[in-house]
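Asks: need a 3D model of the sequence below.
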Amino acid sequence: MDDLTVKKLEEAFLMGCTDEEACFYADISRQTLYNYELNNPGYIDRKNLMKENPTFLARTSVVKGFSEDSDLALKYLERKKKSEFSLRTEVTGAEGKPLFLPSDILEKNNLNESNKKEEL
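Replies: As a prediction, this is how the structure comes out:
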């Protein structure tokens, strides 16, 4: 594979493209890419890191926006530090176990509507 083809692959990977998309862009087969990876073992790690570039750019943009948009900063905290900032609350039973609903209790005690009437 020549330098121009590798450069095209890396441009695609930096945009978060899949292997298939990058191969299409570079006009090569997937097998050609896989053969290149076999002959260049460190390239797989490099490729995977390049695929994370869009996430890194988005994260950078969000963090830079905090100083201008406090709502954006709060939304970020609500998602990243849920225990501290989340608006969502969860209700659980004792020690974090599930809550039992009345139907669960009836089933657990092998009771049903007809049994309850007989007991009365």
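Asks: just want the most central residue of the chain.
Replies: Taking C-alpha atoms, centre = their mean, the centroid of the chain lies closest to T55, which sits 10.9 Å from it.
Asks: please, which helix or strand holds that residue?
Replies: Assigning secondary structure by DSSP states H and E places T55 in helix 53-65.
Asks: which SSE is immediately downstream of that helix?
Replies: helix 70-80.
Asks: what's the burial count for the closest residue to V62 other than its chain neighbours?
Replies: What sits nearest to V62 in space, not counting adjacent residues and going by C-beta to C-beta, 6 or more residues apart in numbering, is Y76, at 6.1 Å. To be clear about C-beta, it is placed using only N, CA and C from the backbone, and glycine gets the same treatment. By other C-beta atoms under 10 Å, 17 other residues sit near Y76.
Asks: where do the helices sit along the protein?
Replies: 3-14, 19-26, 30-39, 43-51, 53-65, 70-80, 82-85, 102-108, 113-119 (DSSP state H).
Asks: make JSON lines out of these and add mean pLDDT and distance to G93.
Replies: Listed next are the helices of the chain as JSON lines, based on pLDDT from 0 to 100; distance: least, C-beta to C-beta, whole Å:
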{"stretch": "helix 3-14", "mean pLDDT": "98", "distance to G93": "47"}
{"stretch": "helix 19-26", "mean pLDDT": "98", "distance to G93": "46"}
{"stretch": "helix 30-39", "mean pLDDT": "97", "distance to G93": "50"}
{"stretch": "helix 43-51", "mean pLDDT": "97", "distance to G93": "42"}
{"stretch": "helix 53-65", "mean pLDDT": "92", "distance to G93": "37"}
{"stretch": "helix 70-80", "mean pLDDT": "88", "distance to G93": "25"}
{"stretch": "helix 82-85", "mean pLDDT": "83", "distance to G93": "19"}
{"stretch": "helix 102-108", "mean pLDDT": "69", "distance to G93": "11"}
{"stretch": "helix 113-119", "mean pLDDT": "55", "distance to G93": "23"}
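Asks: rebuild these as CSV, extending it with distance to T92.
Replies: Converted to CSV, the helices of the chain look like this (distance: least, C-beta to C-beta, whole Å):
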stretch, distance to T92
helix 3-14, 43
helix 19-26, 42
helix 30-39, 47
helix 43-51, 37
helix 53-65, 31
helix 70-80, 20
helix 82-85, 14
helix 102-108, 14
helix 113-119, 27
